[in-house]
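**Student:** Just to be clear, the model below is a prediction. Sequence and coordinates:
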Amino acid sequence: MSAVFVIIPALNEEEPIADVVREVAATKIPAEIIVVDNGSSDRTAERAREAGARVVTEPVPGYGRACMAGMRALSPEYEIVVFLDGDGSDCPQFMNQLIDPIVAGTHDFVIGSRTLGQREPGSMNFQQILAGRIAGLVLRLLYGVRYTDMCPFRAIRRDALEKLGMREPTYGWNLEMQMKAARSGLRILEIPVNHRQRAGGESKVSGTLRGTFIAGTRIIATLIRIALEGKRQTCVGGSAAPSGDAR
C-alpha cells in the first residue's frame, strides 16, 4: 500500500473534528492525518490532537490557504494525498475506493461525487447541487471531462498535485484542482460517495446567505481565471493536453 497523506482543513469544528480523525484512522489505511487549523476560535486544534492527528496552523482564513498549508507539511515518502472536510459530512469509509485506482496505476485523480451517491436529507442544498452541475457542464465543454460535483473528498497522486501549481486561496480551490487536472491530461475518475449532514458547527459556505454569495463569487472567478489561463497557454504553446476520463 502506498503511503497516504490525509489533509483536513478545519475552522471552528470543535464538535465533529475528533470523530472525523477517528473515522479516517478506522479505515486502517496507512496514513498520516493532518488537520489544518485555519484560525479557529474554539478547541478544534486541541480536539484533533487528542484524536491522534498532527495539527498544522494556517491563521489566515481561506479554504485554499488551509489546503496549501497541509501540502507544505508533506514529507517525501507520501505518494497519495487525500482531502476531506472536517465537519463530519464526508464519509471516510470511502477512502479505499478513492485511493485504490491510484494505487493500481489506472488513474491519477479520483474525486467523490455526492450527487451520484446517497445523501442524507438536508446535507446539500439546491444551490450546491446546481453549482456542481453547471461547473461540470462548463468543464465538459472546455476539456471534454465530465464532473457532476465539486466534492471536497478526493484523492490525487502527490507528484500530479505538485505539478498542478495550485494557488487559489479560498473557496475556488476544489474547482481549480478539477480544471487544472483536466487541462493537464490527468487520468480522472469520479465515483459515488455518500454524504451526511455536518456533525456540528456552522457551514462557512451554505450556512448563511453571505457565505453562499462569497463562495459563489470565488468559484465563478476561479472558473474564469483558469479558463483564460488555459486559452493563453494554448495560444502560446499549441494545442492543449488531452483530457482525462472522468465519468
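**Tutor:** Cool, the structure landed.

**Student:** how far away is the residue most central in space within the chain from residue 28?
**Tutor:** To find the centre residue of the chain, average its C-alpha atoms and take the closest one (CA atoms, centre = their mean): that gives residue 152, at 3.1 Å. Here residue 152 is placed at a distance of 22 Å from residue 28 (CB to CB, to the nearest Å). Where C-beta positions appear, they are placed from N, C-alpha and C, glycine not excepted.

**Student:** which residue ranges form the helices in this protein?
**Tutor:** In the chain, the segments counted as helices under DSSP state H are 17-26, 44-50, 63-72, 95-103, 126-143, 158-164, 173-183, 209-237.

**Student:** so the residue nearest to the centre of the chain touches residue 86, yeah?
**Tutor:** No: in this structure residue 152 lies outside contact range of residue 86 using CB atoms under 8 Å: 9.8 Å.

**Student:** Mean pLDDT per helix and strand in the protein: which one sits at the bottom?
**Tutor:** Least confident helix or strand of the chain, by mean pLDDT, DSSP states H and E, is helix 209-237 with a mean of 75.

**Student:** Low-confidence ranges, this structure, go.
**Tutor:** Counting by pLDDT under 70, the chain contains low-confidence ranges at 1, 201-213, 230-247.

**Student:** again, 90 this time
**Tutor:** When residues are selected by pLDDT under 90, those of the chain lie in 1-2, 122, 124-132, 199-221, 225, 228-247.

**Student:** Make sure residue 64 is actually in contact with residue 170.
**Tutor:** Yes: under the contact definition of CB under 8 Å, residue 64 touches residue 170, with a separation of 5.4 Å.

**Student:** re the thing from before, show the backbone phi and psi for the residue nearest to the centre of the chain.
**Tutor:** When quoted as degrees, to the nearest 10, the phi and psi of residue 152 stand at phi -70, psi -20.

**Student:** so who does residue 83 touch?
**Tutor:** Remark: with contacts taken as CB atoms under 8 Å, 6 or more residues apart in numbering, residue 83 is in contact with 6-9, 67, 70, 152-155.

**Student:** Let me have these in JSON lines, adding distance to residue 161 as columns.
**Tutor:** As requested, those are arranged in JSON lines below (distance: CB to CB, whole Å):
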{"residue": "6", "distance to residue 161": "13"}
{"residue": "7", "distance to residue 161": "10"}
{"residue": "8", "distance to residue 161": "16"}
{"residue": "9", "distance to residue 161": "15"}
{"residue": "67", "distance to residue 161": "10"}
{"residue": "70", "distance to residue 161": "11"}
{"residue": "152", "distance to residue 161": "14"}
{"residue": "153", "distance to residue 161": "15"}
{"residue": "154", "distance to residue 161": "10"}
{"residue": "155", "distance to residue 161": "10"}
